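Novice: using only what follows, build the 3D model:
(chains A and B)
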Amino acid sequence: MATRDLTIGFLPLVDACLPILAHEHGFAEEEGLHLSFLRDVSWATVLDRLLYGHSDAAHMLAPLAIATTLGVGRPARSLVAPFVLGLNGNGITLRKDLAARVCQPGAFGEPQAVGAALRVEVEAALAAGKRLRLGVVHRYSSHNYKLRYWLAACGIRPDEQVEIVTVAPPFVADAMAGGEIDGACVGEPWNSLCVERDVGTIVMATAQIWRRGVEKVLAMREDRLDERREDVEALIRAMRRAGRHFVDPANWEANAAILARPEYVGGPESLILRAISDRPVLVHGGEPVPFPDFMFQYSEAANFPWNSQAAWLYSQMVRWDQLPYSDEAAHRAAAVFRPDVYRSALKSTGDDLPAANSKVEGSVTQLTQVGAQQGSITLSENRFFDGRTFDPDDIRGYLAQHG
Amino acid sequence: MKIAIIDENRARASIIEEGLAGFDGEIHVIAGREGLLARIEQIAPDIVLMDLGNPSRDVLEEYFMVSRVLARPIAMFVDESDDDAIAASIDAGVSAYVVDGLAAGRIRPLLDLAVKRFNAFARLQADLAEAKGKLAERETIDRAKRILMDSKRISEPEAYAELRKKAMSSSRRIIDIAEAVVTAHDLMGGN
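Specialist: Next up, the predicted model:
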């Protein structure tokens, strides 16, 4: 069988790991694929290269794939996401002195309590004529939406009471050191770098805001998927194998060494190891704090692109961009996620496939066996921290609830 | 017309600036990341050219999207009637942002020029890299010759002839043979 080439765009973040490891460990090769990688330092460039054919597929912020498809901010181009690269894996890091006032540095804060304490700080700053400024990696990112969700649910009004600005991940530590931002919500290893440089303290993981929140996806042009359907399915199989390898503790050190290479993430191996072993160090000089699902790349069908996850991201786009809600746009947004491709790729492997394409997000409160097309799937707790649930069939009602 | 060129590579920025010198308008070059948005606000450009490798692209796009400071909103130049031109600019490694309402006819010549200049710069860099590579090849071949001269007690022309003969008989380049000789020598503990 001849080897077919696929070029994958990515940003240097730990959660670009699955396609990289699929290549490095030969899983892609065994599927007859040769992967090459295009490393960029802005999402705008990862997206441009995808749209203009420099790459076949890319590591991408899920909301950016949806915004591009809907034509928010630029002319619409249809993207699809047949594979979720992982759930969560981001942290909220605050300036050291601020962190010390809103939580116990060195332990993960409880979201309600940190939010309440932060609200006091926000109001004090406003009274002194200042607005706290928090960085996110992109306007259309789950970081932005989870941060805003948490703040709003704690009675802090984003945009009005706190400023939320875009900061490129590699510059988050600089921006915090230079006083440009008071905190940030960013992926790894960039929270850990703030801790290492002693400019910030990790106060929470985004997994505490939504226990099973969708993070990056593998995105591609819809026409490219149609042209390369078989190869994309082969890539999905290779990435599932990479995921199984990635979560095995026996492989953590070797995988950290691969990801640390300059052509990939290009960060310190020790910091990358903290993220992939779910043991971040929260405060400078502190001990690692185990957080078993800090990153979530494999179990519980984590890579399955639930249409309801895309629908939740759309609801947040409407909420924060103040877009008019439309059923038609909601449908198009949800359809960016392509569970049909994921199913067809893995049907022959016996891998776990859920029976449904959509679920009520945040509704699982204890270990729950769910219906499966094949295999066996038990979902663990996937709640939003405020206990609300998201029914993809009633986005309008959900938005009304949030005011 | 006010044009802002944002490029952390000063050499490339000046090559582009020089290329656009014939244009009727002001040209501003911003090389650093420090105070980028404040500079843009101050210049209030009609067109912004930015290299694709610039890590501040997302920050700038966000600013264009939400800023109420600039009199007219700026958006990425994506003229659907002329997708080839955009593709060429992405291939060359430059993105263009233009103020709302600026006619595509006024942007195109400028963008074409920027693309030419970006490509010219890329060629210069490739030439430089090739020249450096040739120099390194030269050094490796010289080292391989010395190794052969020392170990086989032969003259320099004879050592070169051996490398050449081996290259021809195995359909490889002389540099590949020379590299193999040097690597083998290093592995055997030579220096």
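
Novice: and the residue nearest the centre of chain B?
Specialist: The centroid of chain B falls nearest to B:Ala122 when counting by Cα atoms, centre = their mean (4.2 Å).

Novice: quick check: residues of chain B near chain A?
Specialist: Within chain B, the residues that sit near chain A (Cβ under 8 Å from any Cβ of the partner chain) are B:33, B:52-59, B:61-63, B:65-66, B:75-76, B:78, B:80, B:86-87, B:90-91, B:95. Bear in mind the C-beta positions are built from the backbone N, C-alpha and C, glycine included.

Novice: ok, residue 88 - contacts?
Specialist: Since no chain was named, I'll use chain A. A:205-207, A:210, A:212-213, A:215, A:293-296 (Cβ atoms under 8 Å, 6 or more residues apart in numbering or on different chains).

Novice: the intended chain is chain B.
Specialist: Counting by Cβ under 8 Å, 6+ apart, B:Ala88 makes contact with B:Val115.

Novice: at 10 Å instead, please
Specialist: A:52, B:82, B:94, B:111-112, B:115-116, B:118-119 (Cβ atoms under 10 Å, 6 or more residues apart in numbering or on different chains).

Novice: and it, its phi and psi?
Specialist: phi -60, psi -40 (degrees, to the nearest 10).

Novice: circling back: which of the residues of chain B next to chain A count as buried?
Specialist: When burial is judged by neighbour count using 16 or more other Cβ atoms under 10 Å in any protein chain shown, the buried members of those are B:52, B:54-59, B:61-63, B:65, B:76, B:78, B:86, B:90-91, B:95.

Novice: returning to what we had before: out of the contacts of B:Ala88, which comes closest to A:Ala168?
Specialist: The nearest member of the contacts of B:Ala88 to A:Ala168, counting by Cβ to Cβ, is B:Val94 at 18.6 Å.

Novice: C-alpha coordinates for the helix or strand containing A:His143, PDB please?
Specialist: For A:His143, the enclosing helix or strand under DSSP states H and E is helix A:142-153. Output in PDB follows, covering the C-alpha atoms of helix A:142-153 (Å, rounded to 0.1, in the frame of the first residue of the first chain):
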ATOM      1  CA  SER A 142     -13.200  27.500  25.000                       C
ATOM      2  CA  HIS A 143     -10.900  29.400  27.400                       C
ATOM      3  CA  ASN A 144     -12.800  32.600  26.800                       C
ATOM      4  CA  TYR A 145     -16.200  30.900  27.200                       C
ATOM      5  CA  LYS A 146     -15.300  28.900  30.300                       C
ATOM      6  CA  LEU A 147     -13.700  31.900  32.000                       C
ATOM      7  CA  ARG A 148     -16.700  34.100  31.200                       C
ATOM      8  CA  TYR A 149     -19.200  31.300  32.300                       C
ATOM      9  CA  TRP A 150     -17.400  31.100  35.600                       C
ATOM     10  CA  LEU A 151     -17.100  34.800  36.200                       C
ATOM     11  CA  ALA A 152     -20.800  35.500  35.200                       C
ATOM     12  CA  ALA A 153     -22.100  32.700  37.400                       C
END
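
Novice: for that helix, give the mean pLDDT please.
Specialist: Mean pLDDT, helix A:142-153: 97.

Novice: for it, the distance to its chain's centre please.
Specialist: 13 Å (Cα atoms, centre = their mean, to the nearest Å).

Novice: what do you get for stretch A:160-169?
Specialist: 18 Å.

Novice: re earlier: double-check that the residue nearest to the centre of chain B belongs to a strand.
Specialist: No: counting by DSSP: H, G, I helix; E, B strand; the rest coil, B:Ala122 is not part of a strand but helix.

Novice: distance of it relative to chain A?
Specialist: If you measure B:Ala122 against chain A using Cβ to the nearest Cβ, to the nearest Å, the figure is 14 Å.

Novice: pLDDT wise, what is that residue at?
Specialist: B:Ala122 is assigned 85 on the pLDDT scale.

Novice: now do B:Leu70
Specialist: In this model, B:Leu70 is scored at 68, pLDDT.

Novice: again, but for B:Ala92
Specialist: On the pLDDT scale, B:Ala92 gets 89.

Novice: residues contacting it?
Specialist: Counting by Cβ under 10 Å, 6+ apart, B:Ala92 touches B:51-52, B:111, B:114-122.

Novice: can you do 6 Å?
Specialist: B:115, B:118-119 (Cβ atoms under 6 Å, 6 or more residues apart in numbering or on different chains).

Novice: excluding chain neighbours, what is closest to the spatially most central residue of chain A?
Specialist: Chain A has A:Glu215 as the residue nearest its centroid, 2.0 Å off, counting by Cα atoms, centre = their mean. Distances taken as Cβ to Cβ, 6 or more residues apart in numbering or on different chains place A:Gly86 nearest to A:Glu215, at 5.1 Å, with adjacent residues excluded.

Novice: now do the contacts for the residue sitting furthest away from the middle of chain B.
Specialist: Ranked by distance from the centre of chain B (Cα atoms, centre = their mean), the top residue is B:Arg153, with 45.7 Å. With contacts defined as Cβ under 6 Å, 6+ apart, B:Arg153 has no neighbours.
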